[in-house]
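Trainee: predicted structure and sequence below. I'll ask about it afterward.
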Amino acid sequence: MDLSDIRIIKNILARHGFNFSKSLGQNFLINPEICPRMAAECGAQKGVGVLEIGPGVGVLTAELAKRADKVVSVELDKRLLPVLDDTLAEYGNVKIINEDILKTDLKNLIETEFSGGEVAVCANLPYYITSPVIMRFLEERLPIRSVTVMVQKEAAERLCALPGTRSCGAVSAAVRYFAEPEILFEVTRDNFFPQPNVDSAVIQLKIRKEPPVKINREKDFFALVKAAFGQRRKTVLNSVAAGLSMDRTAVASALERAEIVPNARAEQLTMEQLAALSNEVFSDE
Ligand code: SAM
């Protein structure tokens, strides 16, 4: 069954009396080339388990199941469960969990379903929860090797932006701290049914074993990065002082010790400079 064929999708969904929910980000892929490519790029193969978010009618799930040892898919919309029973009937290595990915105990799920084996995350994400989902996978330090996901094109650019460049924001710096991000390929809006108002891109975040910079106090580093990028038109001096409720002189002196010019803006700072500033602002002496 070709689950990327729009006539087949319409037929199955009609049989199950299913109506699309815009609020759940339900735009299903209808180009037969995209899911095999995503499945191959995410590293789905023998010896690897895959965790998927939002299977929809199972178009990507099927490609993952053909390649990986096991696929566990978390789908919030329970109306899709009987659909998936139908469409994925031929795959004995797929398990669907009817939960909200933002509320799932991911650590426990990965331990119980994949029992210590290699795990890759792969999904065509519901876009309304792109950043929170990605940040959960990174911040919780889950035992996964990579996250390969389709996101809105602008989000892809932001998530993969290099610190020190214009498109960098707090989320780009956080992503780069935990992973090596890369845009793999773009997918235009006409590859989905129903067609969304935005274009998309598939990105891959390879989880780092060690962070790229040494941070004294990690939680404070993220607070500082958030403050620094919080008011984009202001200098780092002003945005950090305001965002962290700190004395301007103390921030100015930390900037000087970190060898950063006083009028620098957050988007001009490299990862190393952000780390140096954080270590000076939060020095334990
Ligand atoms: N994988 C399918 C495809 O590529 O055609 C569907 C992708 S569609 C963009 C997003 C899917 O995520 C939908 O099936 C939707 O019901 C599901 N979803 C939305 N919010 C979710 C959540 N919080 N937790 C788990 N799944 C969710």
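Mentor: Here it is on my side, so go on.

Trainee: show the pLDDT at the closest residue to S239 other than its chain neighbours.
Mentor: Among residues not flanking S239 along the chain, Q231 sits closest, at 4.3 Å (CB to CB, 6 or more residues apart in numbering). (C-beta placed from N, C-alpha, C; glycine too.) You'll see Q231 listed with a pLDDT of 87.

Trainee: thought Q231 was touching L237?
Mentor: No - look at Q231 against L237 with CB atoms under 8 Å: they stay out of range, at 11.2 Å.

Trainee: neighbour-wise, which of these two wins?
Mentor: Neighbour count, other CB atoms under 10 Å: between Q231 and L237, L237 has more, with 21 against 16.

Trainee: quick one on the thing from earlier: spit out the contact partners of the residue nearest to S239.
Mentor: 238-239, 242-243 (CB atoms under 8 Å, 6 or more residues apart in numbering).

Trainee: for the ligand, what is the nearest residue in the chain?
Mentor: Proximity of the chain to the ligand (CB to the nearest ligand atom) peaks at G54, 2.1 Å away.

Trainee: give me every residue that touches that residue.
Mentor: Here G54 is in contact with 25, 73-76, 101, 123-126 (criterion: CB under 8 Å, 6+ apart).

Trainee: give me that answer again for 6 Å
Mentor: 123, 126 (CB atoms under 6 Å, 6 or more residues apart in numbering).

Trainee: also the one 4 residues further on?
Mentor: Applying CB under 6 Å, 6+ apart, we find G58 in contact with 3, 84, 87-88.

Trainee: and what about L51, helix, strand or coil?
Mentor: strand (DSSP: H, G, I helix; E, B strand; the rest coil).

Trainee: residues near it, how many?
Mentor: When neighbours are counted by other CB under 10 Å, L51 comes out with 27.

Trainee: thought it was touching V72?
Mentor: Yes - between L51 and V72 there is a contact at 5.3 Å, judged by CB atoms under 6 Å.

Trainee: does the host helix or strand of V119 reach the ligand?
Mentor: Using DSSP states H and E, V119 sits in strand 118-124. Yes - Strand 118-124 is in contact with the ligand by CB under 6 Å from any ligand atom, via N124.

Trainee: any idea which helix or strand comes after that strand?
Mentor: Next along from strand 118-124, by DSSP H and E: helix 130-139.

Trainee: quick one: mean pLDDT for that next one?
Mentor: 96.

Trainee: tilt between it and strand 118-124?
Mentor: Helix 130-139 runs at 180 degrees relative to strand 118-124, counting by axes from the mean of the first three to the mean of the last three CA atoms, to 10 degrees.

Trainee: quick one, grab the pLDDT at Y91.
Mentor: pLDDT, Y91: 98.

Trainee: do the same with the one 4 residues further on
Mentor: On the pLDDT scale, K95 is placed at 98.

Trainee: please tell me how far the residue nearest in space to the middle of the chain sits from R176.
Mentor: Central residue of the chain (CA atoms, centre = their mean): I134, 3.0 Å from the mean position. Distance, I134 to R176, using CB to CB, to the nearest Å: 12 Å.

Trainee: hey, what's in contact with both of these two?
Mentor: Counting by CB under 6 Å, 6+ apart, nothing touches both I134 and R176.

Trainee: what about the strands in the stretch 51-200 of the chain?
Mentor: 70-74, 94-97, 118-124, 146-152, 179-187, 192-193, 200-207 (DSSP state E, counting those that start in this stretch).

Trainee: for the third one, packing partners?
Mentor: Which is strand 118-124. strand 48-53, strand 146-152 (3 or more CB pairs under 6 Å, 6 or more residues apart in numbering; DSSP states H and E).

Trainee: where does the residue lying closest to Q195 once chain neighbours are set aside land on pLDDT?
Mentor: Counting by CB to CB, 6+ apart, R189 is the residue found nearest to Q195 once chain neighbours are left out, at 5.4 Å. R189 carries a pLDDT value of 98.

Trainee: got a list of what R189 touches?
Mentor: R189 neighbours (CB under 6 Å, 6+ apart): 195-196, 199.

Trainee: surely I9 forms part of a helix?
Mentor: Yes - under three-state DSSP, I9 sits within a helix.
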